[in-house]
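Q: sequence and computational prediction follow.
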Amino acid sequence: MVAVAIANQKGGVGKTTVTLGLAEVAMSHGLRVLVVDCDPQANASAGLGLSTDTKNTLADVLDREIELSSINAAEYITRSSWSVSAQPMANKHATPGSIDVISAHPHLTNVETHLASDPIGACDRLDRSLAGIADTYDLILFDCPPSVGLLTINALFAADRVIVVSAPSAWSSDGVQAFMQNVDRIAARRSGQPHVAGIIVNNVGRTRDGRFWESEIIERYKDNVVSIASRAAIAEASAMSTPLSDLGARPGAAEAFQNFDEVFLHLIGLEVGELSNSRDHSHNMTAQSIAAAV
């Protein structure tokens, strides 16, 4: 199992768009994906087709310190409608994948305030909550809010790696370094985890300014940087709460899917695939029991 926090303290860089794109291509490779929406705005939850009145959200899990297991998973984990879409498989030899979601709720803002009064468990409640079900998934993606508050910190404590999302702009570029320093501070207290798997420069257009700041980030961080091009199809898919592959022949949809697939394979895909292929029989039986419940 690989757990990845999609994060940056800067808002408006497209963290949720990246989370959804990576979840879709991971599913197309036959992986079981869990998306944990840590942002009170709940955009990832809505983007994956969940209703805004979903009960038993991440707010409940954190506030009540619920430890998830095969017994209670179905109460808090919802199967995304994306899992039943007719999707082209990136890996023709893979079995069908799926996307499950622990949805967010605006009440997460209140929960974050309550966490500040817990000197012992403020940072690792999420990690403890997921411990009992984490290994039933190949990939867990945490969609983080645009801050370094306790919701993001809980995601970083539960992740083994981080993907930092940046926009091709001056202020966003400066935010990357500041955020990575915070990741390093957490890793120093957790035996080196999480580590930064890479930086995504998102929504790169054809403007001279955008290309300049993309090249600046690449120059600073070298091979650790990948880019996602600005495409109308990505915005359309987000607005429709549908995967890119459901847009069919719409201009730019196939290219956007391919772009996310390349990013996935470069940053986390190969290792996830190796882990997926090595799952033993008991793991599969546990995963099947949770899938049936969800």
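A: Good, I have the coordinates. As the structure is a computational prediction, the values presented were derived from the model and not from experiment.

Q: neighbouring strands for the helix or strand in which residue 33 is found, and are they parallel or not?
A: Taking DSSP states H and E as the criterion, residue 33 maps to strand 32-37. Note on strand 32-37: by DSSP bridges, its sheet partners are strand 98-102 (parallel), strand 139-143 (parallel).

Q: please work out which of those is packed deepest.
A: Each of the strands paired with strand 32-37 was assessed for mean neighbour count using mean count of other C-beta atoms under 10 Å. The highest is strand 139-143, with a mean of 28. In this view, the C-beta of every residue, glycine as well, is placed from N, C-alpha and C.

Q: quick one: mean pLDDT for it?
A: Mean pLDDT, computed over strand 139-143, is 98.

Q: start the count at 50 instead of 1 going forward.
A: Taking 50 as the first residue, the last one we looked at is strand 188-192.

Q: about what we covered before: would JSON lines of the strands paired with strand 81-86 with distance to residue 300 be doable?
A: JSON lines is the format used below for these (distance: least, C-beta to C-beta, whole Å):
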{"stretch": "strand 147-151", "distance to residue 300": "25"}
{"stretch": "strand 188-192", "distance to residue 300": "27"}
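
Q: so, low pLDDT: which residues of the protein?
A: 133-143, 319-343 (pLDDT under 70).

Q: max-length strand in it?
A: strand 244-253 (DSSP state E).

Q: count the neighbours of residue 258 for me.
A: Look at residue 258: counted by other C-beta atoms under 10 Å, it has 11 neighbours.

Q: that one is in what secondary structure piece?
A: Using DSSP H and E, residue 258 falls in helix 257-270.

Q: ok, back up a step: now for the next helix or strand after the strand holding residue 82, which elements pack on it?
A: The first helix or strand that comes after strand 81-86 along the chain, using DSSP H and E, is helix 92-96. Here helix 92-96 touches helix 64-77, strand 81-86, going by 3 or more C-beta pairs under 8 Å, 6 or more residues apart in numbering; DSSP states H and E.

Q: so for residue 163, which of those sits nearest?
A: Closest approach to residue 163 among those (C-beta to C-beta): strand 81-86, 18.4 Å.

Q: could you tell me the angle between the closest one and helix 64-77?
A: Strand 81-86 and helix 64-77 are oriented at 170 degrees to each other (axes from the mean of the first three to the mean of the last three C-alpha atoms, to 10 degrees).

Q: skip the chain neighbours and tell me the closest residue to residue 180.
A: residue 116 (7.0 Å; C-beta to C-beta, 6 or more residues apart in numbering).

Q: that older thread, what does the longest strand of the chain contact?
A: Strand 244-253 is contacted from outside by 53, 62-63, 66-67, 209-217, 225, 229, 232, 236, 259-260, 262-263, 266-267, 270, 273-279, 312, 315-317, using C-beta atoms under 8 Å, 6 or more residues apart in numbering.

Q: next, the angle from it to helix 64-77.
A: On the basis of the same axes, to 10 degrees, strand 244-253 is oriented at 110 degrees to helix 64-77.

Q: just say helix, strand or coil for residue 317.
A: Following DSSP: H, G, I helix; E, B strand; the rest coil, the label given to residue 317 is helix.

Q: how close does the spatially most central residue of the chain sit to residue 149?
A: Residue closest to the mean C-alpha point of the chain, counted by C-alpha atoms, centre = their mean, is residue 190 at 3.0 Å. Residue 190 sits 11 Å away from residue 149, going by C-beta to C-beta, to the nearest Å.
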